[in-house]
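In: Give me the fold of what follows.
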Amino acid sequence: MTVLILGGTSEARALAAKLQGAGVDAVTSLAGAVGGTSAPPGRLRVGGFGGASRLVAYLEAESIRAVVDATHPFAARMSANAAQACAAAGVPLLRLSRPSWRARPDAASWHWVADLEAARVAAERLGQRVFLSVGRQSVAPFLCWTDRYVLLRVVEPPDEPLPPAWELLRARGPYALSGDRTLLAGRRIDVLVTKDAGGTATAAKLDAAAELGVAVVVVERPADPAGVPLACTVGEALDWVLGH
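Out: As a prediction, the model looks like this:
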């Protein structure tokens, strides 16, 4: 059988490695090129599908027997397309998504908001020196901040020009608590803005914020497509695939 992994996360890479070890033919699809150690093992497909109908055509042409949607928790459009396409093609679909940060003991003290615009409004009330950790494609709502210091940490720089007062930091997780503690304290950060990405790779900033008394604004996750089974660990996803 051939399994399609909709990837782009560490969980997707780990699942691809597990499936390769189990002798399962798997293809990982990525929206954009990823090089070096971030590339998943096994077969790789790069580029979007162009909507649910074209994803159906791909599933049929490649004789895909199962799909694991292991995209980022905020890749809502891709998840919706996957649910629609798999239902149309009659292909089993599993959503592999790391647990939310809502279960953390300090999560109740955070400022939870529905979207990026609400995050901007909340942060403006909470501080003047911002650590912005929302990803390169989510920067636009904050570019009006020309009168405050913003530390933007991203893997790749955004396409938009940044205000002069901003500091761009290019780095890839996982991050250590000691490093994020030094980062927040050294830049005198008073508010952290992030998304509910979950997992441990980027959670050090939350631990550092708790230690230093930094306010935290978190954008809630979009809901996963209804009716799609959910796995929270790579092991659960592996068992599901092997069961098919």
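In: neighbouring strands for the lowest-mean-pLDDT helix or strand in the chain, and are they parallel or not?
Out: Of the helices and strands making up the chain, the lowest-confidence element is strand 43-46, at a mean of 93, by mean pLDDT, DSSP states H and E. Taking DSSP bridges as the criterion, strand 43-46 forms sheet pairs with strand 25-30 (parallel).
In: Packing partners of the lengthiest helix in the chain?
Out: The helix spanning the most residues in the chain, taking DSSP state H as the definition, is helix 76-89. For helix 76-89, the packing partners by 3 or more Cβ pairs under 8 Å, 6 or more residues apart in numbering; DSSP states H and E come out as helix 52-61, strand 64-69, strand 93-96. Every residue, glycine included, has its C-beta placed from N, CA and C.
In: In the sheet, which strands lie alongside the second one, parallel or antiparallel?
Out: This means strand 64-69. Neighbouring strands of strand 64-69 in its sheet, by DSSP bridges, are strand 2-6 (parallel), strand 93-96 (parallel).
In: Report the separation between the residue nearest the centre of the chain and residue 122.
Out: Of all residues in the chain, the one closest to the mean position by Cα atoms, centre = their mean is residue 72, 3.3 Å from it. When Cβ to Cβ, to the nearest Å is applied, the distance between residue 72 and residue 122 equals 22 Å.
In: Equivalent analysis for residue 187, please.
Out: Counting by Cβ to Cβ, the gap between residue 187 and residue 122 amounts to 20 Å.
In: More neighbours: the two, which one.
Out: Neighbours around residue 187 and residue 122, counted as other Cβ atoms under 10 Å, are more numerous at residue 122. The numbers are 20 against 16.
In: Please report how far the more buried one lies from residue 192.
Out: Between residue 122 and residue 192 the distance, using Cβ to Cβ, works out to 11 Å.
In: and what of residue 124?
Out: As for residue 124, its distance to residue 192 is 14 Å (criterion: Cβ to Cβ).
In: Looking at those two now, which is surrounded by more residues?
Out: When neighbours are counted by other Cβ under 10 Å, residue 192 comes out ahead of the other of residue 124 and residue 192, with 26 against 16.
In: contact partners of the helix or strand containing the more buried one?
Out: Element membership of residue 192, judged by DSSP states H and E, is strand 191-195. Judged by Cβ atoms under 8 Å, 6 or more residues apart in numbering, the contacts made with strand 191-195 from elsewhere in the structure are 73-74, 119-120, 123, 126-127, 129-135, 138, 142, 184, 202, 205-206, 209, 214-219, 221.
In: can you dump the C-alpha coordinates of it into PDB?
Out: What follows is strand 191-195 as a C-alpha-only set of coordinates in PDB (Å, rounded to 0.1, in the frame of the first residue of the first chain):
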ATOM      1  CA  VAL A 191       4.300  40.600  26.100                       C
ATOM      2  CA  LEU A 192       4.600  37.400  24.100                       C
ATOM      3  CA  VAL A 193       2.300  36.800  21.100                       C
ATOM      4  CA  THR A 194       2.100  33.300  19.700                       C
ATOM      5  CA  LYS A 195      -0.300  30.600  18.300                       C
END
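In: That one pairs with which strands?
Out: According to DSSP bridges, strand 191-195 forms sheet pairs with strand 129-133 (parallel), strand 215-219 (parallel).
In: Let me see the mean pLDDT of the first one.
Out: This points to strand 129-133. Mean pLDDT, strand 129-133: 98.
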